[in-house]
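K.L.:
Mind looking at a prediction? Sequence and model below.
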Amino acid sequence: MRYHITHRTVFTYGEQAYDNVNEVRLSPVANPHQALEFFVLKVIPATRLKRFSDLYSNPVHHFEISHPHHSLSIESQSIVSVARYIDYSALPYGCHHSYLKDLRSREECCEFLYDSRYVRRSPKIWREAVDVQDGSTDVFQTAYALMKFIYDNCAYLPGLTDASTTAADICERKQGVCQDFAHLLIVYCRSLGIPCRYVSGYIWDPGSGSNETMRGAQASHAWAEIYLPTHGWIGLDPTNNKVVNEQYVVVATGRDYDDVAPVRGTFYGGGPQRSMEVVVKVKLMDYDEE
Amino acid sequence: MIFKDYETAEFFDEMFPRSGTNAVREHYGSVRRRFTSYSEEDFQKKQSAIDRAFVEHGVTFTVYSDDQGTERIFPFDPFPRVIPSEEWTLVEQGLIQRITALNLFLHDIYHEARIVADDVIPAYFVESAAHYRPELKGLDVPGDVYVHICGSDLIRDQNGCYVVLEDNLRCPSGVSYVLENREVMKRSFPELYQEMKVRPVSHYPRLLRETLRRVAPGGASEPVCVLLTPGVYNSAYFEHTFLAREMGVEIVEGQDLIVLNGFVYMRTTKGLEKVDVIYRRIDDDFIDPTVFRDDSMLGVPGLVDACRRGNVTLANALGTGVADDKVIYAFVPEMIRYYLAQEPLLDSVTTYLAYREKDLRFILGNLPELVVKAANESGGYGMLMGPTSTKEERTIFAEKIRENPRNYIAQPVVKFSQHPTLVDGKCEGRHVDLRPFVLYGDEPKVLPGGLTRVALTQGSLVVNSSQGGGSKDTWVLRHLKEG
């Protein structure tokens, strides 16, 4: 599957903003399943871009706009091809919970076993997770049940939560958007000792004519990945109750939203009247459209 | 046998990897098979049908400074140039990267000029560029897009790498030949065309119309678009009428437009009609006598003011010519690194700037091996071809360079690729370039194809229509789906 992705964020400030410093994570990563064929990031007002990789190997672009400005537009265009790599008739069952014992000493997953800014474990959360686990000894089966539990018991309601909502809040309210659902799955998994990380990215919605509609295709999406010593990282999307497949494009991974926010910045001024507009388009590339 | 004795010489040949063998590059297999099956008589028949079609369609261009009948048929070579899909992907992505960086550069220099403040491009080079318009500082354009239509010239070097020769950010012409050439080829070689799975180009006028619609002021949904031409004496007048007709928009001259209270109107038989977007084929210099050249009879007084107020969009925007300056061209790779934090996907030609003392000494010491170009000329005018020049010509040029070093650059002679071309019923290698067209409304799109220009004179590297060049149809092949 080959996708053309446009992601545009436009900030408009009522009063002039200045010393606007930003870090953006918008470039899809290259991994064994997905290849980044093309990427370009356009920032207006035009300024110097710097590129580096963060602690989790996510590509980051950094820029500063010091002079006064009324708006900031950040637009990325990517072409990504994703291989089919999930076989739904052979899902990664067979990893016993006891296999997870040694993972605390493993560098690639120890960070994803502990608390992070949005994800803090508590007895209440642990209790819910244990109830859903229902005695299962299989890690994938447990994680799958947790994903389904979130999908069945949480209402997908945009606008009720924001970037400060934590996993504990969602556990309480049982409603939110993809970011919240991902945080909740992460906190359940970590409570049970399953390494789990946050993924930001895009999903392709086959749209009308298909028998599935995907939530979260209109914006950047988020889901979670669990680590199985037997299979590596496996993606689970609690917003759509789906094992992640070639419809998903990974942009960045981290402990939680805090590590991978697509656009993060600080500025002075700007006034009380400000707005942000986000447009995400994921198109399947097809040469016959001409 | 039309390929007998075909010579690739020391050049990269688009079709034959080597002389003296029958082996062709894979994507030319069908062409070789079909073309070998035609008799000389078949070719003659096809050729005369093609010639007749061009005369009937009135596909012409005008040569300036020529006394005898200035309007000419653009010579056409029926041997198609074929580009496989993976090669095209690189061209397409490289051009999108380039036009994105160039648009950011234009936005930057007409606002804060950060790239100058950060010492990436010296201020003097920007300010002294012939088409830099300081009067446009601070002017905002819809969507911050300056170059809506771009026609970069690419060549392939001895290793077959695509290299950008120039960008043509003002009023690039030639797309009408791309469309006409295709129509003629489809009729002359229908079986071959079908067999090759060629990507179509016929939707260009629709894409252009869509591009213009998207850049209308205030996002008007049904904007009135017009094509502004300097008139029948312009070398590309045929193209202006062709595109206006194909897009279904009015073609107007300066006198057909009037500016009232900062809005632009078109005089029609039913009274004045407001105009939102102008696809202009007139250079900045002539577009508004109140701001630029006051002797211009071609422009519309008050048009720049209407632009400044955001009441009308010009495509391309004013001031884009600054980046056509060949000194600025030399900095495009730096622009890509600066604005996009990336390495350029397409190469540029090594460029020596006579303004830099070190480069100047090098240029003057190596004139016979270099091509010297005036920074702000195009169309093959104002240049010195070192290897074929006389001593006298070099002396005159050296003097010109010393007098005004800012205005001259030099580049090594690129031995650009050759392509089989029909000459008197046989195939001979002739040098070719490629002008693809990029449209930029909300997102940049590259037309799969472009104008392949061919230097019809043996050994010549000059492909410009004004200097004895012809054209070929360019066939970009479809991407074959896996499985």
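P.N.:
Cool, got the structure.
K.L.:
Now for residue 187, which secondary structure element holds it?
P.N.:
Just going to use chain A. Applying DSSP states H and E as the criterion places residue A:187 in helix A:178-191.
K.L.:
um, chain B though
P.N.:
Here residue B:187 sits within helix B:175-188, counting by DSSP H and E.
K.L.:
which helices and strands does the helix holding residue A:187 pack with?
P.N.:
Judged by 3 or more CB pairs under 8 Å, 6 or more residues apart in numbering or on different chains; DSSP states H and E, the packing partners of helix A:178-191 are helix A:123-133, helix A:139-153, helix A:167-173, strand A:196-203, strand A:221-228, helix A:257-260. Where you see a C-beta, it was placed from the backbone N, CA and C, and this is true even at glycine.
K.L.:
quick check: mean pLDDT across it?
P.N.:
Per-residue pLDDT values over helix A:178-191 give a mean of 96.
K.L.:
before we move on, the earlier item: any idea which of the helices and strands packed on helix A:178-191 scores lowest on pLDDT?
P.N.:
helix A:167-173 (a mean of 92).
K.L.:
could you point out which element follows it?
P.N.:
Toward the C-terminal end, the helix or strand that comes next after helix A:167-173 (DSSP H and E) is strand A:175-176.
K.L.:
ok, that next one: who's next to it in the sheet?
P.N.:
Strand pairing for strand A:175-176, using DSSP bridges, gives strand A:155-156 (parallel).
K.L.:
Tell me the gap between the strand it pairs with and the middle of its chain.
P.N.:
Remark: strand A:155-156 is offset 17 Å from the chain centroid, using CA atoms, centre = their mean, to the nearest Å.
K.L.:
cool, stretch B:33-48 as well?
P.N.:
A distance of 31 Å separates the centroid of the chain from that of stretch B:33-48, by CA atoms, centre = their mean.
K.L.:
Could you break the chain into its assigned domains?
P.N.:
Picking chain A for this. Per automatic domain parsing, the structural domains of chain A span A:2-82+A:261-289, A:97-260.
K.L.:
that's the wrong chain, I wanted chain B
P.N.:
B:1-95+B:144-202+B:423-483, B:203-315, B:352-412.
K.L.:
Format the ones you listed as a markdown table; extra columns: distance to residue A:44.
P.N.:
Formatted as a markdown table, these follow (distance: least, CB to CB, whole Å):
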| stretch | distance to residue A:44 |
| --- | --- |
| domain B:1-95+B:144-202+B:423-483 | 5 |
| domain B:203-315 | 15 |
| domain B:352-412 | 27 |
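K.L.:
I'd like to know which of these is closest to residue B:333.
P.N.:
Closest approach to residue B:333 among the domains of chain B is made by domain B:1-95+B:144-202+B:423-483 (9.6 Å; CB to CB).
K.L.:
Give me the contact status of the closest one with chain A.
P.N.:
Yes: Domain B:1-95+B:144-202+B:423-483 lies within reach of chain A by CB under 8 Å from any CB of the partner chain, at B:89, B:93, B:144, B:199-200, B:443, B:448, B:478-479.
K.L.:
Which single one of those residues is nearest to residue B:33?
P.N.:
Distances from residue B:33 to those, taken by CB to CB, are shortest for residue B:478, at 18.9 Å.
K.L.:
so how many other residues sit close to residue A:98?
P.N.:
Residues lying near residue A:98 (other CB atoms under 10 Å in any protein chain shown) number 9.
K.L.:
now it, what's its secondary structure?
P.N.:
Here residue A:98 is helix, with the state taken from DSSP: H, G, I helix; E, B strand; the rest coil.
K.L.:
again with residue B:399
P.N.:
helix.
K.L.:
residues contacting it?
P.N.:
Contacts for residue B:399 (CB atoms under 8 Å, 6 or more residues apart in numbering or on different chains) come out as none.
K.L.:
Quick one: residues contacting the residue in the stretch 201-350 of chain B that chain A sits nearest to.
P.N.:
Residue of the stretch 201-350 of chain B nearest chain A, by CB to the nearest CB: residue B:341 (3.9 Å). By CB under 8 Å, 6+ apart, residue B:341 lies in contact with A:41, A:49-51, A:61.
K.L.:
swap in residue A:72?
P.N.:
Residues near residue A:72 by CB under 8 Å, 6+ apart: A:10-11, A:13, A:17, A:20, A:22, A:43-45, A:65.
K.L.:
ChimeraX command for the buried members of those residues?
P.N.:
Burial among those is assessed by 16 or more other CB atoms under 10 Å in any protein chain shown; the matching ChimeraX selection reads:
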select /A:11,13,17,20,22,43,44,45,65
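K.L.:
so which of the contacts of residue A:72 are also by chain B?
P.N.:
When contact is defined as CB under 8 Å from any CB, the contacts of residue A:72 meet chain B at A:43-45.
K.L.:
Give me the spatial nearest neighbour of residue B:439, chain neighbours excluded.
P.N.:
residue B:211 (4.6 Å; CB to CB, 6 or more residues apart in numbering or on different chains).
K.L.:
Number of residues surrounding the one you found?
P.N.:
Residues lying near residue B:211 (other CB under 10 Å) number 23.
K.L.:
buried set for the one helix or strand it maps to?
P.N.:
Assessed by DSSP H and E, residue B:211 sits inside helix B:204-214. Under the neighbour-count criterion of 16+ other CB under 10 Å, helix B:204-214 has B:204-205, B:207-209, B:211-214 buried.
K.L.:
Direction included, what does the helix or strand that that helix is followed by pair against?
P.N.:
Following helix B:204-214 in sequence order, the next helix or strand is strand B:225-228 (DSSP H and E). Using DSSP bridges, strand B:225-228 pairs in its sheet with strand B:250-252 (parallel), strand B:277-280 (parallel).
K.L.:
Restrict the next helix or strand after strand B:225-228 to CA atoms and write it as PDB.
P.N.:
Using DSSP H and E, the helix or strand that follows strand B:225-228 in sequence is helix B:237-247. The C-alpha coordinates for helix B:237-247 follow below in PDB (Å, rounded to 0.1, in the frame of the first residue of the first chain):
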ATOM      1  CA  TYR B 237       0.800  33.500 -28.800                       C
ATOM      2  CA  PHE B 238      -0.300  30.200 -30.200                       C
ATOM      3  CA  GLU B 239       0.000  28.700 -26.800                       C
ATOM      4  CA  HIS B 240      -1.900  31.500 -25.100                       C
ATOM      5  CA  THR B 241      -5.000  30.900 -27.400                       C
ATOM      6  CA  PHE B 242      -4.600  27.200 -27.100                       C
ATOM      7  CA  LEU B 243      -4.600  27.200 -23.200                       C
ATOM      8  CA  ALA B 244      -7.400  29.700 -23.000                       C
ATOM      9  CA  ARG B 245      -9.600  27.700 -25.300                       C
ATOM     10  CA  GLU B 246      -8.800  24.400 -23.600                       C
ATOM     11  CA  MET B 247      -9.500  25.800 -20.100                       C
END
